[in-house]
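Peer 1: Turn this into a model:
(one chain, ligands or ions: 1)
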Amino acid sequence: MAEVLVYVDHVDGTVRKPTLELLTLARRLGDPVAVHLGPGAETAAPVLAEYGAVKILAADAPEFADYLVVPKVDGLQAAAGAVSPAAVLVPSSAEGKEIAARLAVRLGSGIITDAVDLTAGEEGPVATQSVFAASYTTRSRVSRGVPVITVKPNATAPEAAPVDVAVEQLEVSFGEQATGTRIVSRTPRESTGRPDLTEAAIVVSGGRGVNGAENFPLIEALADSLGAAVGASRAAVDAGWYPHSSQVGQTGKTVSPQLYIAAGISGAIQHRAGMQTSKTIVAINKDAEAPIFELVDYGVVGDLFEVVPALTEEVKAR
Ligand code: FAD
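Peer 2: You can find the predicted model right below:
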(Lines give C-alpha, C1' and ligand atoms only; values in the text may rest on other atoms or scores of the structure.)
Protein backbone atom coordinates (compact mmCIF):
# COMPACT_ATOMS: atom_id res chain seq x y z
CA MET A 1 0.00 0.00 0.00
CA ALA A 2 1.11 3.57 -0.65
CA GLU A 3 2.77 5.39 2.22
CA VAL A 4 1.35 8.67 3.46
CA LEU A 5 3.60 11.03 5.39
CA VAL A 6 2.14 12.63 8.50
CA TYR A 7 4.01 15.53 10.07
CA VAL A 8 4.06 15.06 13.85
CA ASP A 9 3.17 18.19 15.81
CA HIS A 10 4.60 17.64 19.28
CA VAL A 11 6.25 19.23 22.29
CA ASP A 12 9.31 17.15 23.22
CA GLY A 13 7.56 13.95 22.15
CA THR A 14 4.13 14.78 23.58
CA VAL A 15 1.99 14.43 20.48
CA ARG A 16 -0.73 17.01 19.94
CA LYS A 17 -4.25 15.91 19.06
CA PRO A 18 -4.32 17.21 15.45
CA THR A 19 -1.57 14.71 14.60
CA LEU A 20 -3.79 11.84 15.79
CA GLU A 21 -6.55 13.19 13.56
CA LEU A 22 -4.13 13.26 10.62
CA LEU A 23 -3.12 9.65 11.27
CA THR A 24 -6.80 8.67 11.33
CA LEU A 25 -7.38 10.36 7.95
CA ALA A 26 -4.09 9.07 6.50
CA ARG A 27 -5.26 5.49 7.02
CA ARG A 28 -7.97 6.10 4.41
CA LEU A 29 -5.26 6.91 1.88
CA GLY A 30 -2.58 4.33 2.65
CA ASP A 31 -0.06 3.39 5.33
CA PRO A 32 0.68 6.32 7.64
CA VAL A 33 4.37 7.09 8.14
CA ALA A 34 4.94 9.62 10.94
CA VAL A 35 7.73 12.17 10.58
CA HIS A 36 9.01 13.14 14.03
CA LEU A 37 11.49 16.02 14.06
CA GLY A 38 13.21 17.11 17.27
CA PRO A 39 13.56 15.35 20.62
CA GLY A 40 11.18 12.72 22.01
CA ALA A 41 10.57 10.24 19.17
CA GLU A 42 10.76 7.31 21.62
CA THR A 43 8.17 8.98 23.86
CA ALA A 44 5.90 9.65 20.90
CA ALA A 45 6.25 6.20 19.31
CA PRO A 46 3.62 4.30 21.38
CA VAL A 47 1.01 7.01 20.79
CA LEU A 48 1.75 7.19 17.06
CA ALA A 49 1.57 3.39 16.82
CA GLU A 50 -1.76 3.37 18.65
CA TYR A 51 -3.20 5.57 15.92
CA GLY A 52 -1.85 3.48 13.07
CA ALA A 53 1.62 4.81 12.17
CA VAL A 54 3.39 1.82 10.60
CA LYS A 55 6.73 3.59 10.62
CA ILE A 56 8.28 6.60 12.32
CA LEU A 57 11.00 8.54 10.53
CA ALA A 58 12.80 10.40 13.29
CA ALA A 59 15.50 13.03 13.25
CA ASP A 60 16.81 15.10 16.11
CA ALA A 61 19.14 18.07 15.86
CA PRO A 62 19.46 21.43 17.66
CA GLU A 63 18.27 23.17 14.49
CA PHE A 64 14.71 21.89 14.99
CA ALA A 65 14.44 23.57 18.39
CA ASP A 66 16.53 26.67 17.79
CA TYR A 67 15.37 27.92 14.39
CA LEU A 68 11.97 28.72 12.93
CA VAL A 69 10.20 26.53 10.36
CA VAL A 70 12.86 25.92 7.69
CA PRO A 71 14.72 23.05 9.44
CA LYS A 72 11.38 21.24 9.66
CA VAL A 73 10.87 21.74 5.93
CA ASP A 74 14.32 20.23 5.38
CA GLY A 75 13.28 17.28 7.56
CA LEU A 76 9.99 16.71 5.80
CA GLN A 77 11.67 17.01 2.40
CA ALA A 78 14.20 14.37 3.45
CA ALA A 79 11.32 12.10 4.51
CA ALA A 80 9.54 12.64 1.19
CA GLY A 81 12.77 11.67 -0.57
CA ALA A 82 13.09 8.54 1.56
CA VAL A 83 9.63 7.05 0.96
CA SER A 84 8.05 8.53 -2.24
CA PRO A 85 4.77 9.18 -0.45
CA ALA A 86 1.28 9.28 -1.96
CA ALA A 87 0.60 12.44 0.06
CA VAL A 88 2.04 14.59 2.84
CA LEU A 89 -0.37 15.67 5.58
CA VAL A 90 0.37 18.59 7.92
CA PRO A 91 -1.86 20.16 10.61
CA SER A 92 -3.41 23.50 9.60
CA SER A 93 -1.70 25.59 12.27
CA ALA A 94 0.08 28.81 11.34
CA GLU A 95 3.41 26.96 11.47
CA GLY A 96 1.99 23.88 9.73
CA LYS A 97 0.73 25.93 6.80
CA GLU A 98 4.08 27.64 6.37
CA ILE A 99 5.91 24.31 6.49
CA ALA A 100 3.49 22.82 3.96
CA ALA A 101 3.72 25.76 1.58
CA ARG A 102 7.51 25.74 1.59
CA LEU A 103 7.57 21.97 1.14
CA ALA A 104 5.19 22.14 -1.82
CA VAL A 105 7.45 24.70 -3.52
CA ARG A 106 10.47 22.47 -2.97
CA LEU A 107 8.70 19.37 -4.28
CA GLY A 108 7.15 21.24 -7.22
CA SER A 109 3.79 20.03 -5.93
CA GLY A 110 0.32 21.43 -5.62
CA ILE A 111 -0.98 22.22 -2.15
CA ILE A 112 -4.43 22.21 -0.57
CA THR A 113 -4.84 24.06 2.73
CA ASP A 114 -7.48 23.92 5.47
CA ALA A 115 -9.08 20.67 4.35
CA VAL A 116 -11.98 19.56 6.55
CA ASP A 117 -12.15 16.04 5.16
CA LEU A 118 -10.06 13.66 3.04
CA THR A 119 -11.04 10.66 0.97
CA ALA A 120 -9.14 8.35 -1.35
CA GLY A 121 -9.81 9.07 -5.04
CA GLU A 122 -8.78 7.14 -8.13
CA GLU A 123 -6.26 9.82 -9.05
CA GLY A 124 -5.12 10.68 -5.53
CA PRO A 125 -6.53 12.08 -2.29
CA VAL A 126 -9.64 14.26 -2.57
CA ALA A 127 -9.79 17.11 -0.05
CA THR A 128 -12.96 18.86 1.08
CA GLN A 129 -12.72 22.55 1.90
CA SER A 130 -15.29 25.03 3.14
CA VAL A 131 -14.71 28.33 1.33
CA PHE A 132 -16.04 31.90 0.99
CA ALA A 133 -17.43 32.07 4.52
CA ALA A 134 -18.85 28.55 4.14
CA SER A 135 -20.93 29.59 1.12
CA TYR A 136 -19.39 26.72 -0.85
CA THR A 137 -18.00 23.31 -0.15
CA THR A 138 -15.32 22.33 -2.65
CA ARG A 139 -13.70 19.00 -3.34
CA SER A 140 -10.36 19.12 -5.03
CA ARG A 141 -7.25 17.14 -5.65
CA VAL A 142 -3.67 18.02 -6.40
CA SER A 143 -2.84 17.36 -10.03
CA ARG A 144 0.94 17.89 -9.90
CA GLY A 145 3.57 16.25 -7.79
CA VAL A 146 3.11 14.75 -4.33
CA PRO A 147 -0.09 16.21 -2.84
CA VAL A 148 0.71 18.38 0.19
CA ILE A 149 -2.42 18.89 2.27
CA THR A 150 -3.02 20.77 5.50
CA VAL A 151 -5.99 19.64 7.55
CA LYS A 152 -7.90 21.74 10.08
CA PRO A 153 -7.90 20.56 13.70
CA ASN A 154 -11.10 18.69 14.62
CA ALA A 155 -11.75 17.72 10.99
CA THR A 156 -12.26 14.21 12.27
CA ALA A 157 -12.32 12.42 15.63
CA PRO A 158 -9.10 10.51 16.26
CA GLU A 159 -9.69 6.76 16.15
CA ALA A 160 -7.17 4.29 17.50
CA ALA A 161 -5.99 1.45 15.22
CA PRO A 162 -2.96 -0.04 17.00
CA VAL A 163 -0.08 -1.45 14.95
CA ASP A 164 3.54 -2.35 15.57
CA VAL A 165 5.82 0.49 14.71
CA ALA A 166 9.48 0.76 13.86
CA VAL A 167 11.44 3.94 14.53
CA GLU A 168 13.93 4.64 11.75
CA GLN A 169 16.53 7.37 11.81
CA LEU A 170 16.09 9.97 9.11
CA GLU A 171 19.18 11.70 7.69
CA VAL A 172 18.51 15.41 7.29
CA SER A 173 20.95 17.81 5.70
CA PHE A 174 20.11 21.38 6.49
CA GLY A 175 20.21 23.98 3.73
CA GLU A 176 21.60 27.49 4.06
CA GLN A 177 18.22 28.93 4.95
CA ALA A 178 17.73 26.58 7.89
CA THR A 179 19.53 28.88 10.30
CA GLY A 180 18.08 32.10 8.89
CA THR A 181 15.72 32.88 11.79
CA ARG A 182 16.85 32.00 15.27
CA ILE A 183 14.41 31.68 18.16
CA VAL A 184 15.76 33.97 20.88
CA SER A 185 13.21 33.31 23.62
CA ARG A 186 10.09 31.33 24.40
CA THR A 187 7.45 32.56 26.83
CA PRO A 188 4.98 29.86 27.82
CA ARG A 189 1.41 31.07 27.86
CA GLU A 190 -0.15 31.34 31.29
CA SER A 191 -2.06 28.14 31.74
CA THR A 192 -5.82 28.46 32.19
CA GLY A 193 -6.27 24.72 32.53
CA ARG A 194 -8.55 24.89 29.48
CA PRO A 195 -7.87 23.23 26.13
CA ASP A 196 -6.11 25.10 23.35
CA LEU A 197 -8.65 27.20 21.44
CA THR A 198 -7.82 25.82 17.99
CA GLU A 199 -7.79 22.19 19.16
CA ALA A 200 -10.73 22.20 21.56
CA ALA A 201 -13.68 19.93 20.83
CA ILE A 202 -15.99 22.54 22.35
CA VAL A 203 -15.62 26.33 22.26
CA VAL A 204 -17.76 28.85 24.14
CA SER A 205 -17.34 32.42 22.86
CA GLY A 206 -18.57 35.73 24.21
CA GLY A 207 -19.18 38.93 22.29
CA ARG A 208 -20.17 42.53 22.88
CA GLY A 209 -23.37 41.28 24.49
CA VAL A 210 -21.30 40.07 27.46
CA ASN A 211 -21.00 43.76 28.26
CA GLY A 212 -17.72 43.91 30.16
CA ALA A 213 -14.67 41.97 31.29
CA GLU A 214 -16.31 41.52 34.69
CA ASN A 215 -18.99 39.33 33.05
CA PHE A 216 -16.67 36.98 31.14
CA PRO A 217 -16.51 34.60 34.15
CA LEU A 218 -20.08 33.65 33.11
CA ILE A 219 -18.71 32.44 29.76
CA GLU A 220 -15.76 30.76 31.49
CA ALA A 221 -18.05 28.93 33.90
CA LEU A 222 -20.08 27.48 31.01
CA ALA A 223 -16.84 26.57 29.21
CA ASP A 224 -15.46 24.85 32.31
CA SER A 225 -18.65 22.85 32.84
CA LEU A 226 -18.21 21.50 29.30
CA GLY A 227 -14.40 21.15 29.33
CA ALA A 228 -14.34 23.78 26.58
CA ALA A 229 -12.02 26.56 25.44
CA VAL A 230 -13.11 30.20 25.67
CA GLY A 231 -13.25 32.39 22.59
CA ALA A 232 -14.28 35.99 22.00
CA SER A 233 -15.47 38.21 19.18
CA ARG A 234 -13.31 41.08 18.05
CA ALA A 235 -15.69 43.56 19.64
CA ALA A 236 -15.05 41.94 23.02
CA VAL A 237 -11.30 41.80 22.39
CA ASP A 238 -11.06 45.40 21.13
CA ALA A 239 -12.93 46.53 24.24
CA GLY A 240 -10.17 44.89 26.31
CA TRP A 241 -12.53 42.37 27.92
CA TYR A 242 -10.63 39.29 26.76
CA PRO A 243 -7.12 38.66 25.31
CA HIS A 244 -6.51 38.82 21.59
CA SER A 245 -5.19 35.26 21.68
CA SER A 246 -8.83 34.22 22.20
CA GLN A 247 -10.25 36.14 19.22
CA VAL A 248 -12.14 33.98 16.76
CA GLY A 249 -12.51 35.19 13.20
CA GLN A 250 -10.85 36.54 10.12
CA THR A 251 -8.19 38.41 12.08
CA GLY A 252 -8.15 35.94 14.95
CA LYS A 253 -8.09 32.16 15.25
CA THR A 254 -9.93 29.71 13.05
CA VAL A 255 -11.72 27.04 15.05
CA SER A 256 -13.60 23.98 13.91
CA PRO A 257 -14.88 22.28 17.06
CA GLN A 258 -17.60 19.68 17.42
CA LEU A 259 -19.66 22.30 19.28
CA TYR A 260 -19.41 26.11 19.11
CA ILE A 261 -21.53 28.21 21.46
CA ALA A 262 -21.74 31.94 20.64
CA ALA A 263 -23.16 34.13 23.39
CA GLY A 264 -23.92 37.78 22.65
CA ILE A 265 -22.29 37.62 19.23
CA SER A 266 -24.16 39.05 16.22
CA GLY A 267 -22.54 36.81 13.58
CA ALA A 268 -20.64 39.30 11.40
CA ILE A 269 -19.02 37.77 8.33
CA GLN A 270 -15.56 38.30 9.83
CA HIS A 271 -16.54 36.31 12.93
CA ARG A 272 -18.13 33.55 10.85
CA ALA A 273 -14.91 33.19 8.88
CA GLY A 274 -13.31 31.78 12.02
CA MET A 275 -16.01 29.37 13.19
CA GLN A 276 -18.37 28.42 10.41
CA THR A 277 -16.93 24.93 9.90
CA SER A 278 -17.84 23.99 13.49
CA LYS A 279 -19.91 20.80 13.45
CA THR A 280 -22.76 22.07 15.66
CA ILE A 281 -23.34 25.77 16.25
CA VAL A 282 -25.46 27.17 19.08
CA ALA A 283 -26.19 30.88 19.53
CA ILE A 284 -27.61 32.74 22.48
CA ASN A 285 -28.73 36.22 21.46
CA LYS A 286 -31.54 38.47 22.63
CA ASP A 287 -32.17 39.75 19.09
CA ALA A 288 -34.16 37.20 17.07
CA GLU A 289 -33.02 38.98 13.86
CA ALA A 290 -29.27 38.62 14.63
CA PRO A 291 -27.46 37.23 11.55
CA ILE A 292 -25.85 34.47 13.63
CA PHE A 293 -29.22 32.70 13.66
CA GLU A 294 -28.85 32.13 9.88
CA LEU A 295 -26.08 29.61 10.46
CA VAL A 296 -26.92 27.97 13.76
CA ASP A 297 -28.09 24.44 14.41
CA TYR A 298 -29.75 25.57 17.65
CA GLY A 299 -30.65 29.13 18.57
CA VAL A 300 -31.79 30.52 21.89
CA VAL A 301 -33.45 33.94 21.70
CA GLY A 302 -32.90 35.30 25.17
CA ASP A 303 -30.78 37.29 27.56
CA LEU A 304 -27.41 35.61 27.98
CA PHE A 305 -27.29 36.72 31.62
CA GLU A 306 -30.20 34.36 32.25
CA VAL A 307 -29.56 31.66 29.66
CA VAL A 308 -25.81 31.09 30.20
CA PRO A 309 -25.94 30.51 34.00
CA ALA A 310 -29.03 28.28 33.58
CA LEU A 311 -27.20 26.25 30.92
CA THR A 312 -24.12 25.98 33.15
CA GLU A 313 -26.22 24.68 36.05
CA GLU A 314 -27.96 22.20 33.75
CA VAL A 315 -24.65 20.87 32.41
CA LYS A 316 -23.16 20.62 35.91
CA ALA A 317 -26.19 18.71 37.12
CA ARG A 318 -25.59 15.90 34.57
P1 FAD B 1 -22.00 43.07 17.91
O2 FAD B 1 -22.06 42.99 16.44
O3 FAD B 1 -22.21 44.42 18.54
O4 FAD B 1 -23.12 42.07 18.46
C5 FAD B 1 -23.44 41.93 19.80
C6 FAD B 1 -24.64 40.98 19.87
O7 FAD B 1 -24.94 40.73 21.21
C8 FAD B 1 -25.90 41.58 19.23
O9 FAD B 1 -26.38 40.66 18.25
C10 FAD B 1 -26.87 41.71 20.39
O11 FAD B 1 -28.21 41.41 20.02
C12 FAD B 1 -26.35 40.68 21.35
N13 FAD B 1 -26.64 40.97 22.75
C14 FAD B 1 -26.47 42.14 23.43
N15 FAD B 1 -26.79 41.98 24.72
C16 FAD B 1 -27.20 40.70 24.87
C17 FAD B 1 -27.66 39.94 25.97
N18 FAD B 1 -27.76 40.48 27.20
N19 FAD B 1 -27.99 38.66 25.75
C20 FAD B 1 -27.90 38.09 24.54
N21 FAD B 1 -27.46 38.76 23.45
C22 FAD B 1 -27.10 40.05 23.62
N23 FAD B 1 -14.87 40.17 14.33
C24 FAD B 1 -14.58 39.01 14.95
O25 FAD B 1 -15.34 38.53 15.81
N26 FAD B 1 -13.41 38.35 14.65
C27 FAD B 1 -12.54 38.79 13.74
O28 FAD B 1 -11.48 38.17 13.54
C29 FAD B 1 -12.82 40.01 13.06
N30 FAD B 1 -12.00 40.49 12.11
C31 FAD B 1 -12.36 41.62 11.44
C32 FAD B 1 -11.56 42.07 10.37
C33 FAD B 1 -11.92 43.20 9.67
C34 FAD B 1 -11.05 43.65 8.53
C35 FAD B 1 -13.09 43.92 10.02
C36 FAD B 1 -13.50 45.14 9.26
C37 FAD B 1 -13.88 43.49 11.06
C38 FAD B 1 -13.53 42.34 11.78
N39 FAD B 1 -14.32 41.89 12.84
C40 FAD B 1 -14.02 40.70 13.42
C41 FAD B 1 -15.41 42.69 13.41
C42 FAD B 1 -16.78 42.28 12.93
O43 FAD B 1 -17.13 42.97 11.76
C44 FAD B 1 -17.83 42.63 14.01
O45 FAD B 1 -17.75 44.00 14.28
C46 FAD B 1 -17.66 41.87 15.31
O47 FAD B 1 -17.57 40.48 15.06
C48 FAD B 1 -18.85 42.13 16.20
O49 FAD B 1 -18.68 41.49 17.42
P50 FAD B 1 -19.95 41.10 18.27
O51 FAD B 1 -20.81 40.17 17.49
O52 FAD B 1 -19.48 40.65 19.60
O53 FAD B 1 -20.67 42.50 18.52
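Peer 1: chain center to stretch 110-126: distance?
Peer 2: 17 Å (Cα atoms, centre = their mean, to the nearest Å).
Peer 1: do stretch 131-140 as well
Peer 2: The answer for stretch 131-140 is 18 Å, by Cα atoms, centre = their mean.
Peer 1: what about it and the ligand, any contact?
Peer 2: No. With Cβ under 6 Å from any ligand atom as the criterion, the ligand is not reached by stretch 131-140; the gap is at least 12.0 Å. All C-beta atoms are positioned from the backbone trio N, CA, C, and that covers glycine.
Peer 1: Show me what that stretch is in contact with.
Peer 2: With contacts defined as Cβ atoms under 8 Å, 6 or more residues apart in numbering, stretch 131-140 is touched by 112, 126, 127, 128, 129, 130, 269, 272, 273, 276, 277, 295.
Peer 1: filter these to the buried ones?
Peer 2: Buried subset of these (neighbour count, 16 or more other Cβ atoms under 10 Å): 112, 126, 127, 128, 129, 130, 272, 273, 276, 277, 295.
Peer 1: Return the closest of those with respect to residue 234.
Peer 2: The shortest approach to residue 234 among the buried ones among the contacts of stretch 131-140 belongs to residue 273, at 11.0 Å (Cβ to Cβ).
Peer 1: ok, now which ones touch the closest residue to residue 200 other than its chain neighbours?
Peer 2: With Cβ to Cβ, 6 or more residues apart in numbering as the criterion, residue 200 has its nearest non-adjacent residue at 3.6 Å, and that residue is residue 229. Counting by Cβ under 8 Å, 6+ apart, residue 229 makes contact with 194, 195, 196, 197, 199, 200, 202, 203, 204, 223, 255, 257.
Peer 1: tell me which parts of the chain are close to the ligand?
Peer 2: Residues of the chain found near the ligand, taking Cβ under 6 Å from any ligand atom as the criterion, are 207-209, 233-236, 247-252, 264-266, 268, 270-271, 274, 284-287, 290, 303-305.
Peer 1: so of those, which ones are in helices?
Peer 2: 234, 235, 236, 270, 271, 304, 305 (DSSP state H).
Peer 1: my read: the fifth one touches residue 232, true?
Peer 2: The one in question is residue 271. No. With contact defined as Cβ atoms under 8 Å, residue 271 does not reach residue 232; the gap is 9.8 Å.
Peer 1: list residues touching both of those two?
Peer 2: Contacts common to residue 271 and residue 232, judged by Cβ under 8 Å, 6+ apart, are 207, 248.
Peer 1: So which of the two has more stuff around it?
Peer 2: Taking neighbours as other Cβ atoms under 10 Å, residue 271 and residue 232 compare with residue 232 leading, 30 against 27.
Peer 1: With that, I have no additional questions.
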